[in-house]
Structures are given as structure tokens and as C-alpha cells.
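**Q** Let's see this in three dimensions:
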Amino acid sequence: DLASGDGGSLEGWGLEICAEPCATPCVITCPPNLTFNNTAGTCGAVVNFNVTSSGDCGTVTATPASGSVFPVGTTTVNVTSSTTPAQNCSFTVTVNDNEPPTASNVNSNYQCPALVPPPNNAVITDEADNCGVPTVTFQPGMTTNNGGLGCPASPLIITRYYRVEDAAGNFIHATHTLTIVDNTPPVLTCPAAITVCAGAVPPPDITLVTGVSDNCGSTVTVTHQGDVNNCPGCVNTPYTITRTYRATDYCGNFAECTQIITVNPFPQVDPVANLTYCAGVSVPSIVFTSSTPGATFTWSRTVPTPDIGLGSTGGTGNVPSFTSTNTGTVPITATFSVVASFTNNGVTCTGAPIQFTLTVMPIPTVNIVPNQTVCHNQPTAAVVFSGAVPGTIFNWTNNTPSIGLAASGTGNIGSFIAQNPGAVPVT
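**A** Next up, the predicted model:
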């Protein structure tokens, strides 16, 4: 220690004598602990670092090496030299996962509130994360409801929130938006088509509408919307009434159906004048007509004594022709009653009857009048005609007016002065 000049004492001293020049001691210096964020889209990060060394260290090896991909979490890097004795140091590399997971929002549409399913984590189907599969958790306290009625004019919109969270605590909220709009009309079935006679059209009756229902089970209101007549004022021909009913649900959606009502006319027989015929003549067919096309006719008659010569006392269609008879001495009369009917769709409507008479007059006869022979300028006896038929009017003719009597006349022949100035009788 004298060489140092401090005048102190020397307790120990060593001297290394090398065969060759002495090696510089190896000194390895590790960097401080390192922290990185993950590389986007991966569950780790490429980390580069520097390890310094001095002296004779041989080969310095870091495990894992600089430039390696370090997983999320903390990894210890061990550094050692190849010299003997080896020199060592270590440090940590921490990779933090700061990348949130991903998930798509979901939209669903429903017709009715009752069809909306309960919350279900499985509704989020594409959740993903750079470090494994994240968890999905429904967040009930975040649900919103716009208070809509669930109708086209007021949709009901419910928004549910699901927390999508990875193992590092990174999270996002994915939404499930449920839109409820009932735009489906209700259903209904109208009464079946009917056919009635004029004046018998039933009033509208909503209780006859059946099968009324709504897809959402809401109350359905049935109303009568009106009747449309395809032939106002028609009297002699059928016409139809289209009756419309409507079913309306809570949202104002509606459907309509129609009932067809066919109205048949009451046909009337055109008037027939009273008829009079002499006995023994051909009576033509009595043809009935009506202002209603397609009307059919049914007739009947009274039967006088003696009868008029018509064999039938009633029938359908026209009265057939016949030969009139009257074997009595007074006129005989049959009263005919006729009705018209119209049938359509299996419903027959019959109008009011009309009546007319057919009278058959008896054939009058003249009782035999005795011949007279009188002299010139002498009065004849009055001739009084008679017959079996009361009220008979007698018409006579004289083929020899020179006898003092007119050539013709009506009624009885009064007495007259016969004339014949010639030499032979005249008749």
C-alpha cells in the first residue's frame, strides 16, 4: 500500500498471472420490464428489445428472442451468455389485450307483441374476439321501449342490449332491435248468397258474419258498409244487391266480404178482357202475357151448368182452344182466375191473380108459325114469334113485298091488308 501513498497497512493482496492476455469480464444488461398492447386482430404482439453486453460474453442468447410474437399476458425473457461461468439476466414482457370484441346488431320484425320472444343471449350469433370467444350477457336495465301501439301508424320498437365481453374485460354493447307492426287484416266470412222475392230483402245483420278473427287476437269490429243495387227501379226483372261487410282490427287494418242477394219480381198477368161466344163456335186459345220475361201461368175456372165445352177446369200455360157449348136456354159464364209465377235460383215468386169471364150464349130457336091464306084486300092475322131462349130478337125477311108487307123487319109482324090484284095466288 506504500505505492498508493496513503501510508496505511496492507492486509491482503492478490495477483493474477495469466499465461495469455487476461479476458475482460462479461457484463450483460437486460432492459427494464416491458409493456405493450396487442397487435390489432391478434392475441399478442411482436416485441423487439435490446440486451447490452460488455466484456467477453461469447454468444448472448435471449429466450424468447427479440422480434418474437409474445402472447397476451406476462412472459419472462431469460438472457444468458455462452461463457463459463455463464452470465444471466431476465426481464418481463407484458402484452395487454386492449382490443374490444366484435358483434353485429340484430334486427327482428314481428306482427304482434305476443310473438316477441324473451331475451336470449343466443340472439347474438357472430360474437368474436382476437383472444378467444367472448361472453354475451343480456343487460335488462338498458332495454328501451318507444311506447308505440304496434300499428303501421305507431310501430312498437323495443331495443335490448347485450354486453359482449372478452377475458381482458374489454366489451361492447350489441343491440337487438325488435320492431312490432301489425299490418295483417283480420279475416271474415260473409253470409251465403240468397234469393228472395221482391219486398223480402232482409236487413243487414252483422251477426251473420262468421269466422271473424285477427292474427294478433285483438278485438275485431264488424260493420255493414252498404248495399249496391245493380238495377235501381227494376220491377219486372230480377236484380242483385251486393251487401258489403267490413272487419276492422285494433290497428285499423280491415278486410271486406260481400253477400249477393238476388231479388225476384212478382210477375203480373196482363189484363184479359171478358169474352163472349155463341155456342158451337171454335174458341181460340187464350194466350196469357206478362211484362216479366220468363213468367209462367197457372189458371183455373168455375164450372157452370151446363158447361161451356172446355174439358179442363185448370192448368198451366195458356187456355187451349175448344168448341163452345151451351145446351141450355140462357147464357152460361165461366170465371177464369190466372196467376203468373217467376222462378229463379230455386225460388218461385207468384203475383196477384187476375180474373175474366167467358160467356157462351145459347143458340136461339123460332117456334113454328102456321101458314096463312087470305083474299085480296083482306086483313092478315098478326104473326107473333116465339122461341125457347128468353130475350130472343127475331129478324124476318119477305121475298114478295107485293103482298103488302115490307121486304124485312124485326120483331113480330102486325096484321096488314093482303094485296094481290092478279089472277093467280102469290106466296
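**Q** what residue ranges in the stretch 51-200 of the chain score low on pLDDT?
**A** Regions of the stretch 51-200 of the chain meeting the criterion pLDDT under 70 are absent.
**Q** which residues in it form strands?
**A** Shown for the stretch 51-200 of the chain, the strands assigned by DSSP state E, counting those that start in this stretch span residues 52-54, 60-63, 68-71, 73-81, 88-96, 106-110, 135-145, 156-165, 171-180, 187-189, 194-197.
**Q** okay, these, which one's buried deepest?
**A** Comparing the strands of the stretch 51-200 of the chain by mean neighbour count (mean count of other Cβ atoms under 10 Å), strand 156-165 comes out on top with a mean of 19. Bear in mind the C-beta positions are built from the backbone N, C-alpha and C, glycine included.
**Q** can you give me the angle that one makes with strand 106-110?
**A** 150 degrees (axes from the mean of the first three to the mean of the last three Cα atoms, to 10 degrees).
**Q** how about a markdown table for the strands of the stretch 51-200 of the chain, with distance to Ile393 added?
**A** What follows is these, written out as a markdown table (distance: least, Cβ to Cβ, whole Å):
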| stretch | distance to Ile393 |
| --- | --- |
| strand 52-54 | 168 |
| strand 60-63 | 159 |
| strand 68-71 | 146 |
| strand 73-81 | 147 |
| strand 88-96 | 144 |
| strand 106-110 | 102 |
| strand 135-145 | 110 |
| strand 156-165 | 103 |
| strand 171-180 | 102 |
| strand 187-189 | 77 |
| strand 194-197 | 52 |
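**Q** looking at those strands, which is closest to Thr24?
**A** strand 52-54 (7.3 Å; Cβ to Cβ).
**Q** Show me what the closest one is packed up against.
**A** Identification of packing neighbours for strand 52-54 by 3 or more Cβ pairs under 8 Å, 6 or more residues apart in numbering; DSSP states H and E yields strand 27-29.
**Q** Parallel or antiparallel, list what pairs with the strand it packs on.
**A** Using DSSP bridges, the strands paired with strand 27-29 are strand 52-54 (antiparallel).
**Q** so how far is the lengthiest strand in the chain from its chain's centroid?
**A** Longest strand in the chain, counting residues (DSSP state E): strand 332-344. Taking Cα atoms, centre = their mean, to the nearest Å, the mean C-alpha location of strand 332-344 is offset from the chain mean by 46 Å.
**Q** so how many other residues sit close to Asp205?
**A** 12 (other Cβ atoms under 10 Å).
**Q** give the contact list for it.
**A** Applying Cβ atoms under 8 Å, 6 or more residues apart in numbering, one finds that Asp205 lies in contact with Pro191.
**Q** how about 7 Å then?
**A** With contacts defined as Cβ atoms under 7 Å, 6 or more residues apart in numbering, Asp205 has no neighbours.
**Q** Nearest residue to Ile261 in space, please, no chain neighbours.
**A** Spatial nearest neighbour of Ile261, excluding adjacent residues (Cβ to Cβ, 6 or more residues apart in numbering): Ile241 at 4.3 Å.
**Q** pretty sure the one you found is in a helix, no?
**A** No: counting by DSSP: H, G, I helix; E, B strand; the rest coil, Ile241 falls outside a helix, being strand.
**Q** Dig out what it forms beta bridges with.
**A** Here Ile241, judged by DSSP bridges, has bridge partners Asn229, Ile261.
**Q** my guess is it contacts Pro202, does it?
**A** No: taking contacts as Cβ atoms under 7 Å, Ile241 lies outside contact range of Pro202: 10.2 Å.
**Q** the more surrounded of those two?
**A** Ile241 (18 against 12).
**Q** any idea how far the more buried one is from Pro390?
**A** As judged by Cβ to Cβ, to the nearest Å, Ile241 and Pro390 stand 61 Å apart.
**Q** I'm done for today, thanks for sticking with me.
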